[in-house]
Every structure is written in C-alpha cells, then in structure tokens.
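Novice: Provided below are the primary sequence and the corresponding predicted coordinates.
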Amino acid sequence: MLSFKVGRKTIDPPVRKERTAELPIEEAAESELYYFPLSMHIGKPADLVVEVGDQVKVGTLLGKKSGPISANIHSSVSGEVIAIREHTTVNGREKTVVVQNDHNYTEDFATPINWRLSDAQTIIDRVRDAGIVGMGGATFPTDIKLSPKNASTIDTIIVNGAECESYSTSDYRVMMAYSAQLVDGLLVLEKVYPGLKHSYIAIERNEHECVRNMSHAIKNHQEISIEELPTLYPQGAEKTLIKTVLGREVSPGQLPADVHTVVINVSTLYAIYEAIVLGKPSVERITTVTGGGIKTAKNLRVRIGTPLRTLLEQCGGLKDDTYKMIHGGTMMGRLFNHPDNPILKGTSCVIALTPEESQFDPEEPCIRCSECLNVCPVSLQPILISEAYRNGDIERAKELGALDCIECGNCSYICPAHIDLLGDIRKAKSAIRALEGAK
C-alpha cells in the first residue's frame, strides 16, 4: 500500500515523476488506424458530419458541436473514413469514426487570426471552432469557460501549471518547451476580458527549472506573475488553486467566474495559442507514458485518436509484472486495458503500474473514521454519498452535494477500508444527471 502524508484538505502522495521529468517531447509513432469518439468532452456527443468512404485531411471536421455543452471533433490524420461504429474507450463503448491513415498528413487548417486586432468574440469563436476542451482531464468545452455571463467582472486569469498527479509530466514539458507560446496564448486571453488586472502562472515550487523557464518568458510582462505553490494534492483543482493564489473562496454551487477568475490549464492554453496563431484545431496533445510497468517511459506528442497499442510499442511494451493500466493520473484516472483504446483530448498521462505501485487491498466495511471527510477539499461527506448511491437513493446523493465533487480521489486514497468512494460518487453524478435529463 502507498504511504502518504496528510495536510488540511490535502494529501501528499509519493511523487514519481523522475522517469520522465527531464525527457524532452518526442513525436509519437504513426498508426494505421485512428479512432475518434464523438464524445471526448463533458456534455452532448458531437453530431456526425462524415460518412464511410469520405476522404479527410488533418483538421477535417468529423463531428460538429451539438448544443451549448459540446465540442467539435477533427481528424488528426489524412486518409479515408473506413468505419463509423461503437468502439471501446476509457469511458465505455461510444460511437466512433475510424480513419485509415494515408501517411500524407495533408492539412486543412483555418486561417490564423491577428488577435491583436480581434475582438473577444472572434477569439472565443475560434476556440469553439477548434474543438478545444480542458486538457488537464476535465474536458469541459473551453469556449464556454471563456464566456461567463459576468465576463466584464473577470479581473484575474490563473494558468494552471500545478501538475500535482504523481506520475504526469506532460504539462511540465509543455512549459519547458513552449514557454514563449504560452505567454502569447495568455496575451490572447487578456484580450477577452476588458476588466483584467493581473494573470498568474501557478507552478508547484519543487519545479525549479520550470519556474526559471517561465519567469524568463514573462520578464517583459509586468501584468503576469509566477505563483509558486506548495507541493500538495489536489493543488491543481480549480477551487483549491483560486484559494491558494488569490485567497478567494469558491462556495459550493459557484464557478470561478463568480469570484472574478478564469483558470486555464497549461496544455489547454497551448492549444488556444495553436488555434489562434497557427489556425490549428485540437488534433494533438502531449501525453506522458510511464509507470513501473512501462519498459521505456516517454513524453510524446500524440495525435488524438492514436490507439494505446501504438504508444506501448513505441515505449518498448509492458513488463511481465504489469498489474493495471490507468488513463490519467493515479488519483483521478480511470482503468483501461483494451489495446485499441484511443488517446483522447483529456489524456494527459498513461500509466502502467506494477503490484508494488498499486493500492489493491480488498474492500472492508467502513469503520466511521471520518478520514474521507477530513481530506475532502470541497468539504463533502464522501462515505455518505457512497452509501446513498449504493442504497439507490440518488436524490439523497444529490442533496449531499455529489455534483460538487471535483473527483480528486483523496477520499478513496486515504480510506483505510479501501472503499471505492470516488467510483461511487462518479456513478452517483452520472445517475443524477440522467434523472435531471429525463425531467
């Protein structure tokens, strides 16, 4: 079992970034087939706009945003649509466009925007058209985040570089490789908010090289500061970040915009830069492939839709004692093991764990220790939500604030009875949303 230290509403899991932290970004290997689920985001799946037999380019629209909470899906390769079918993803089986790669990578990008001469809506529209979602894992459509009702009151942007998951170094490598582009992306966002006073780039203070790199990049921008954060989990959660950096409390049911703040993940900001300055839609991301079960860990620039097997082969394959695979971090990620599971917009990390790295103790009855309450950063009662869900009382789970859960995983991690509290809360949230959708 993993050892841990506990702080107020935070935990301090072992940091295991050493295998990949200093590895430069490599190009991911090519695949013959690419898989594009029409739902890589929170909200409704995109509406299919292609047919089997269609020829596509890098950037061709495959799925169109459906309703306000949705996002466009683009092809990351050129080639032919050979199938539209249900396909296994980390989220289950989903309607998916399958493209056979012609290896030409012919591009169909939008015209770059002169953002210095553009208004806020033009920038937001481009972000929407590019299909950008939160790439730290949340996958909330970014154009919606950039368009709060009270946009005129936004006075602060926080760039979230607090990569607090134990294994992931994808955001770190983005900050090391693209510091100048990130600053340009931040300048783009500053155009969106006329009442903006200051921007912060938040980085955990143990990332010394990254702090120096980003500090150099902002040296001519007095309106941007580096904020060094304590190395704690879940430091990168939006509400925690806002409290740490600004001292502002985001109450249950509120959004960051309600306290005059917008929080943007580092990789999401880089995608915004590419969409505005290069005309490039969201077709690639940086992903860390690591863990004790991986023979050669890497940070890779991956085309969205690349099957897992391609990355594993590039990294030398799995070791014989690999116990489980995780999509995302060890705290917030989800188990997956199908070799053709595709890399999605929110895939910051792929981890192969050995038994020694895994917490796999059998579940036992709750001992009413209240540890899950003590470490919940949004002051929920995880065990009560779990029990309500298991008893089929979805309304009670809602009353207990299940929808306010930020899915950090603190409760499951610290539970001495090894109850899958996060898993139950995720299921409760899905059940609540299904009930609300049926009304």
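Specialist: Now that the structure is in, tell me what you want to look at. Numbers count the residues shown, from 1 in each chain.

Novice: could you say what helices and strands the one helix or strand K95 maps to packs with?
Specialist: Under the criterion of DSSP states H and E, K95 resides in strand 92-101. Packing partners of strand 92-101 (3 or more Cβ pairs under 8 Å, 6 or more residues apart in numbering; DSSP states H and E): strand 33-37, strand 61-64, strand 79-89. (Glycine included, C-beta is placed from N, CA and C.)

Novice: What pairs with that strand, parallel or antiparallel?
Specialist: Partners of strand 92-101 in the sheet, by DSSP bridges, are strand 33-37 (antiparallel), strand 79-89 (antiparallel).

Novice: how about low-confidence regions in the stretch 1-150 of the chain?
Specialist: Counting by pLDDT under 70, the stretch 1-150 of the chain has low-confidence residues at 1-14.

Novice: change it to 50
Specialist: Across the stretch 1-150 of the chain, residues meeting the criterion (pLDDT under 50) sit at 1-8.

Novice: so where do the strands sit in it?
Specialist: 5-7, 10-12, 25-27, 33-37, 47-48, 55-56, 61-64, 73-74, 79-89, 92-101 (DSSP state E, counting those that start in this stretch).

Novice: now the ones you listed as JSON lines including distance to Y178?
Specialist: Output for those, formatted as JSON lines (distance: least, Cβ to Cβ, whole Å):
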{"stretch": "strand 5-7", "distance to Y178": "32"}
{"stretch": "strand 10-12", "distance to Y178": "29"}
{"stretch": "strand 25-27", "distance to Y178": "9"}
{"stretch": "strand 33-37", "distance to Y178": "24"}
{"stretch": "strand 47-48", "distance to Y178": "32"}
{"stretch": "strand 55-56", "distance to Y178": "27"}
{"stretch": "strand 61-64", "distance to Y178": "26"}
{"stretch": "strand 73-74", "distance to Y178": "21"}
{"stretch": "strand 79-89", "distance to Y178": "28"}
{"stretch": "strand 92-101", "distance to Y178": "26"}
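
Novice: hey, what's T88 bridged with?
Specialist: Per DSSP bridges, the residues bridged to T88 are R93.

Novice: try C349
Specialist: Bridge pairing for C349 - DSSP bridges - gives T288.

Novice: need the contact list for it.
Specialist: Going by Cβ atoms under 8 Å, 6 or more residues apart in numbering, C349 touches 165, 167-168, 170, 287-290, 326-329, 333.

Novice: For the most centrally placed residue in the chain, give me its contacts.
Specialist: Among the residues of the chain, the one closest to the centroid is G137, at 1.7 Å (Cα atoms, centre = their mean). Residues near G137 by Cβ under 8 Å, 6+ apart: G328, G329, M332, G333, G346, S348.

Novice: so how far is C405 from the fourth one?
Specialist: Right, the one you point to is G333. As judged by Cβ to Cβ, to the nearest Å, G333 and C405 stand 16 Å apart.

Novice: What strand or helix carries the nearest residue to G409 once chain neighbours are set aside?
Specialist: The spatially closest residue to G409, leaving aside those adjacent along the chain, is M331, at 3.7 Å (Cβ to Cβ, 6 or more residues apart in numbering). Under the criterion DSSP H and E, no helix or strand holds M331.

Novice: Could you list the buried residues of the top helix by length along the chain?
Specialist: Criterion DSSP state H: the longest helix present in the chain is helix 421-438. Judged by neighbour count (16 or more other Cβ atoms under 10 Å), helix 421-438 contains these buried residues: L421, L422, D424, I425, R426, K427, A428, K429, A431, I432.

Novice: do the same with stretch 399-414
Specialist: 400-402, 404-414.

Novice: same question, stretch 311-325
Specialist: L311, L312, Q314, C315, T322, K324, M325.

Novice: What's the separation between the fourth one and T322?
Specialist: Plainly put, C315 is 12 Å away from T322 if you go by Cβ to Cβ.

Novice: How about the second one?
Specialist: Between L312 and T322 the computed distance is 10 Å (Cβ to Cβ).

Novice: What of the third one?
Specialist: Separation of Q314 from T322 (Cβ to Cβ): 16 Å.

Novice: Tell me the residue in this protein that is farthest from the middle.
Specialist: Going by Cα atoms, centre = their mean, the residue of the chain most distant from its centre is I367, 33.4 Å out.

Novice: That one is in what secondary structure piece?
Specialist: For I367, there is no enclosing helix or strand under DSSP H and E.

Novice: for L182, same thing?
Specialist: Using DSSP H and E, the element containing L182 is helix 179-190.

Novice: Okay, angle between the helix or strand that that helix is followed by and helix 179-190 too, please.
Specialist: The element immediately downstream of helix 179-190 (helix or strand, assigned by DSSP H and E) is strand 198-204. With axes from the mean of the first three to the mean of the last three Cα atoms, to 10 degrees defining the directions, strand 198-204 sits at 140 degrees from helix 179-190.

Novice: Now do the next helix or strand after strand 198-204: distance to the chain's middle.
Specialist: Using DSSP H and E, the helix or strand that follows strand 198-204 in sequence is helix 208-217. Averaging C-alpha coordinates over helix 208-217 and over its chain gives two centres that are 23 Å apart (Cα atoms, centre = their mean, to the nearest Å).

Novice: what is the mean pLDDT for helix 208-217?
Specialist: Mean pLDDT, computed over helix 208-217, is 94.

Novice: so what does that helix touch, helix or strand wise?
Specialist: helix 170-177, helix 179-190, strand 198-204, strand 224-229.

Novice: Highest mean neighbour count out of these?
Specialist: Comparing the helices and strands packed on helix 208-217 by mean neighbour count (mean count of other Cβ atoms under 10 Å), helix 170-177 ranks first with a mean of 25.

Novice: Run through the neighbouring helices and strands of that one.
Specialist: Applying 3+ Cβ pairs under 8 Å, 6+ apart, one finds that helix 170-177 makes contact with strand 156-161, helix 208-217, helix 266-273, strand 284-290.
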